[in-house]
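1. Curious how this folds, go ahead:
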Amino acid sequence: MRLLKRLLKIIGVLVLVAVVATLYVLNRGGAFRKIEPRFAGTCESLPLDASAEDMTVDRERGFVYISHLDRQSLVKGEGTNVQGTIMRLDLNREPLAIEDALLDRPAHLRTHGLSLYVDPAGRRSLFVINHPLNRGTEPELVEVFDEVEPGTFRHRETFSSPLFNSPNDMAAVGPRQFYVANDKALKGGMAGALQQFGIGASPLTYFDGSTARVVADDIASGGGINVSADGNTLYVSETAGQRLRVLERNPADGSVAEKARIAVPTSPDNVDVAADGSLWVTGHANTVKLIQHFINGSPAPTQVLRVVPPVGPGTGGAATVDEIYLNAGDQISAGSVGVTYGKKLVIGSITARQILVCEMS
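-> Sure thing, here's the model as predicted:
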């Protein structure tokens, strides 16, 4: 009898711990948050036959480059050989139109994160992550395209490394140099699964033009990455950690040193560095809704934040975080990227076959 009581007590404690842990995870993921729509401005929806998980802006020309892939079909398991490309949107042209930016492409191209590099002479290159048909067994690739005329690019070369183990986004810092933010641990499996709960870490990889190496091994699922205009600072969104990591980079060897960690009220995805140096972070305000979205197609919230990092020696000051856009998913669902050009905010999604072009008032 005494043994039975002790066993029941242990079971009760374990159940209580499980309930508390579940409530913590749900609360951290925004499951209990009430979504109150917010945006000061107007938005126009542009239809796509694919989604725009990531975008980058050529602010000198007003071009937005779009990672164009029908991810909705991939999520639903419709079609085994879905292919993508990079599209271009000219924000200075009326009416707005979306055009293919590539003159040629590899035989297989499933685009994800992308980055625009402009060298000191003004030559432009687009870098894009290319996922294989069979992820986990075939190499992950980075494709590079060079501009041959304004807004039009030709394929130059392909890079690969085992350290691109689960690439989500990338930041180009030279003609053949770039960082890759991986969203899972190198070993994958249980280590990767634990990251969904903020446990464990994934590698930040630097490719120096010939070889890759890990320069930070404690990123809590790298969902996005970008670089400052002067090339000296990296911004990495830690999706599972609900924060931004600010890293000072050494241009000579690509090494990084931590400057700050900025907590954000979302699970951050892609990061845009605006003309004024502020960071526009698009995130998932309710990850439970996001999971449901992938399962049954129900709406998932879209959230865009404007973050001003701390400045000064040691960056001991506080960052400012302002919510610019929030929607339950009826305007655009599962938003993953928001980029700015003047007063325009362009929002893309993991799965929605559209982009929003918003005018901020």
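2. Every contact and neighbour count from this point should use C-alpha atoms.
-> OK.
3. can you count the residues close to Glu143?
-> Applying other CA atoms under 10 Å, we find 20 other residues in the vicinity of Glu143.
4. Now do the same contact list for it.
-> Contact analysis of Glu143 by CA atoms under 8 Å, 6 or more residues apart in numbering lists 127-130, 155-159.
5. Gly338 now?
-> Gly338 makes contact with 55, 270-272, 280-282, 304, 345-348, according to CA under 8 Å, 6+ apart.
6. which non-adjacent residue is nearest it?
-> Ile347 (4.3 Å; CA to CA, 6 or more residues apart in numbering).
7. close enough to count as contact, the one you found and Tyr341?
-> No. Ile347 is not in contact with Tyr341 according to CA atoms under 8 Å; the separation is 11.7 Å.
8. Same drill for the two, tell me which one is more crowded.
-> Higher neighbour count among Ile347 and Tyr341: Ile347, with 28 against 19, using other CA under 10 Å.
9. other SSEs contacting the strand or helix carrying the more buried one?
-> Per DSSP states H and E, Ile347 falls inside strand 344-349. Contact partners of strand 344-349 among helices and strands, from 3 or more CA pairs under 8 Å, 6 or more residues apart in numbering; DSSP states H and E: strand 51-58, strand 335-341, strand 354-360.
10. Could I get those strands in a markdown table, plus columns for mean pLDDT and distance to Pro175?
-> As requested, the helices and strands packed on strand 344-349 are exported to a markdown table (pLDDT from 0 to 100; distance: least, CA to CA, whole Å):
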| stretch | mean pLDDT | distance to Pro175 |
| --- | --- | --- |
| strand 51-58 | 98 | 16 |
| strand 335-341 | 98 | 23 |
| strand 354-360 | 98 | 29 |
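11. okay, the ones you listed in TSV with distance to Val264 next?
-> Output for the helices and strands packed on strand 344-349, formatted as TSV (distance: least, CA to CA, whole Å):
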stretch	distance to Val264
strand 51-58	20
strand 335-341	15
strand 354-360	22
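12. For Ala40, find the nearest of those.
-> Proximity to Ala40 (CA to CA) singles out strand 354-360 among those, at 6.0 Å.
13. Next, the angle strand 335-341 makes with the closest one.
-> With axes from the mean of the first three to the mean of the last three CA atoms, to 10 degrees as the basis, strand 354-360 and strand 335-341 are set at 40 degrees to each other.
14. Compute the distance from the centre of strand 354-360 to the centre of its chain.
-> A distance of 18 Å separates the centroid of the chain from that of strand 354-360, by CA atoms, centre = their mean, to the nearest Å.
15. Contacts for that strand next, please.
-> For strand 354-360, contacts defined as CA under 8 Å, 6+ apart pick out 39-52, 332, 343-349.
16. Need the CA coordinates for the helix or strand hosting Ile86. CSV is fine.
-> Secondary structure assignment for Ile86, by DSSP H and E: strand 85-90. In CSV, the C-alpha atoms belonging to strand 85-90 read as follows (Å, rounded to 0.1, in the frame of the first residue of the first chain):
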residue,chain,number,x,y,z
THR,A,85,13.7,30.6,-59.5
ILE,A,86,14.5,34.2,-58.5
MET,A,87,12.0,36.8,-59.5
ARG,A,88,12.3,40.6,-59.7
LEU,A,89,9.9,43.3,-58.6
ASP,A,90,10.6,46.9,-59.7
